[in-house]
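1. just the structure for this:
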Amino acid sequence: MNKIIFFTLIAAGLAGCNRSPEYYFTRGNYLFAAGKENEALESYNKALLLKKNYPEALTSRGLLFERQGDKQKAGLDYRKAIDLNPSYLPAYNNLGALLMDGGNYREAAKLFTEALATKQDYSYALLNRGLSFYKMGDCASATEDLTKALELNNKFEMAYYHRALCERNARNLPAAMADLDALLALNPAAALARYERGKALYYTADYAGAVQEFSKAVELKPEDPAYSYWLAEALYKAGYMEGALEAAAKAAALKPASYQIRGLMGDIYASLKDKEKATAQYMLAAELSPKFAAIYQSKLDAMEPAAKKKPAASQRKKRK
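-> As a prediction, the model looks like this:
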């Protein structure tokens, strides 16, 4: 979630001898940016001691508390900043983002709505309310807010990404791909965009195209097992079993207890006619996910030679 802090790094102000609240606030921001959190906190406290009605200092101190892991104190500072100055928008944004981090998307959306009542073209509130709507499963409202946010600021990567997810869910693949392309134009290293492009192509049976996108995602983020898994899936569908097995093995090394990966490895070995290894993977998948055990058993049964199945059928016929 996008959070805001204004670092006013004015050298002249820091060098001056005027120990005003503004001096301590500016110094606190400088120290925070430099990673000197304890000293920054001391400066924010001094600023607030000298000037109690100081929402900017409260908001900056709240973000520092968040950085230190104290979300309760952060929330209290953000709320106090809003109470002192209901038109100070960064406090709304940071408190709303804090609520989103805790999974409280409904309350976050209400808070962003309050901010937008103050300033209807506040792009950060539109962005984060749109993300909240997405998390609540309301893609129509999410798309509306994210579109407005992008009209105001076309650099919001998360807006392109989540709008693309909504478009994909609505089966509007061209629009989803256009948004993912826009995201990649802003950030060529956005592995998630490559991943989603790959899935979109996979579901339209463009397995070769999916392989290209998943391969790029793996290059960008080799430690993510999902990327290697989907690369293996696309390679398997494309008929390149050796490559599929290599990618699946990498995914399994990253996430050994995944029944999906083990099941896919079973499918690959079955296609390679390696019954022993396929059986081992299917059995492991069934052990990891007992509710799908019957599916894996049916795959094992399908590997039995036809000659072995015929006698059983003829015996059933005789009993009739």
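
2. per-residue confidence for Leu152?
-> In the predicted model, Leu152 carries a pLDDT score of 98.

3. ugh, wrong one, Pro305
-> Model confidence at Pro305, expressed as pLDDT, equals 72.

4. what about it, how many neighbours?
-> The burial count assigned to Pro305 is 8, neighbours taken as other C-beta atoms under 10 Å. Yep, even glycine has a C-beta here, placed from its N, CA and C like the rest.

5. quick one, what contacts it?
-> The contact partners of Pro305, taken as C-beta atoms under 8 Å, 6 or more residues apart in numbering, number zero.

6. and it, how close does it get to Arg168?
-> The span separating Pro305 from Arg168 equals 42 Å under the rule C-beta to C-beta, to the nearest Å.

7. what do you get for Ala238?
-> Here Ala238 is placed at a distance of 21 Å from Arg168 (C-beta to C-beta).

8. pLDDT weak spots in the stretch 1-150 of the chain?
-> Within the stretch 1-150 of the chain, the stretches falling below the threshold (pLDDT under 70) are 1-18.

9. if we use 90, what do you get?
-> Of all residues in the stretch 1-150 of the chain, those with pLDDT under 90 make up the ranges 1-19, 52.

10. which stretches of it form strands?
-> Using DSSP state E, counting those that start in this stretch, the stretch 1-150 of the chain contains no strands.

11. how does the chain divide up, domain by domain?
-> Split into domains by automatic domain parsing, the chain comes to 1-102, 119-187, 188-252, 257-303.

12. okay, stretch 253-260 in PDB with CA atoms only?
-> As requested, the backbone C-alpha atoms of stretch 253-260 are provided in PDB (Å, rounded to 0.1, in the frame of the first residue of the first chain):
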ATOM      1  CA  ALA A 253      13.000 -28.000  -4.500                       C
ATOM      2  CA  LEU A 254      11.600 -24.600  -3.600                       C
ATOM      3  CA  LYS A 255       8.300 -26.000  -2.200                       C
ATOM      4  CA  PRO A 256       8.700 -29.700  -1.400                       C
ATOM      5  CA  ALA A 257       5.200 -30.100   0.200                       C
ATOM      6  CA  SER A 258       3.200 -28.900  -2.800                       C
ATOM      7  CA  TYR A 259       0.700 -31.500  -4.000                       C
ATOM      8  CA  GLN A 260       0.200 -29.600  -7.200                       C
END
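
13. so how far is it from its chain's centroid?
-> Computed by C-alpha atoms, centre = their mean, to the nearest Å, the separation of stretch 253-260 from the middle of its chain amounts to 20 Å.

14. what do you get for stretch 52-69?
-> Going by C-alpha atoms, centre = their mean, where stretch 52-69 is centred and where its chain is centred differ by 26 Å.

15. now swap in stretch 62-72 and tell me
-> Counting by C-alpha atoms, centre = their mean, stretch 62-72 comes out at 22 Å from the chain centroid.

16. residues making contact with it?
-> Contacts to stretch 62-72, defined as C-beta under 8 Å, 6+ apart, come from residues 3, 5, 32, 37, 40-41, 44, 73-78, 81, 91, 94-95, 98, 101-102.

17. what's the distance between the spatially closest residue to Leu31 that is not a sequence neighbour and Thr59?
-> Computed as C-beta to C-beta, 6 or more residues apart in numbering, the closest residue to Leu31 that is not its neighbour in sequence is Ala40, at 3.8 Å. Distance of Ala40 to Thr59, computed by C-beta to C-beta: 13 Å.

18. okay, the two: which has more neighbours?
-> Ranked by neighbour count (other C-beta under 10 Å), Ala40 and Thr59 place Thr59 first, with 30 against 22.

19. okay but that one is in contact with Ile82, surely?
-> No. Counting by C-beta atoms under 8 Å, Thr59 does not reach Ile82; the two are 9.2 Å apart.

20. which residues are in contact with both of the two?
-> Counting by C-beta under 8 Å, 6+ apart, the residues touching both Thr59 and Ile82 are Tyr88, Ala91.

21. dihedrals phi and psi, Leu192?
-> With angles defined as degrees, to the nearest 10, Leu192 shows backbone torsions of phi -60, psi -40.

22. quick one, what contacts it?
-> Under the contact definition (C-beta under 8 Å, 6+ apart), the residues listed for Leu192 are Tyr161, Ala217.

23. so what's it scoring on pLDDT?
-> Per-residue confidence for Leu192 comes out at a pLDDT of 96.

24. same question for the one 4 residues further on.
-> pLDDT for Glu196: 96.

25. against Ala164, how distant is it?
-> When distances are taken as C-beta to C-beta, Glu196 and Ala164 turn out to be 6 Å apart.

26. now do Asn104
-> On the measure of C-beta to C-beta, Asn104 and Ala164 end up 25 Å apart.

27. who has more neighbours, those two?
-> Legend: neighbour count by other C-beta under 10 Å for Asn104 and Ala164, higher for Ala164 (27 against 15).

28. that's all I had, so thanks and see you.
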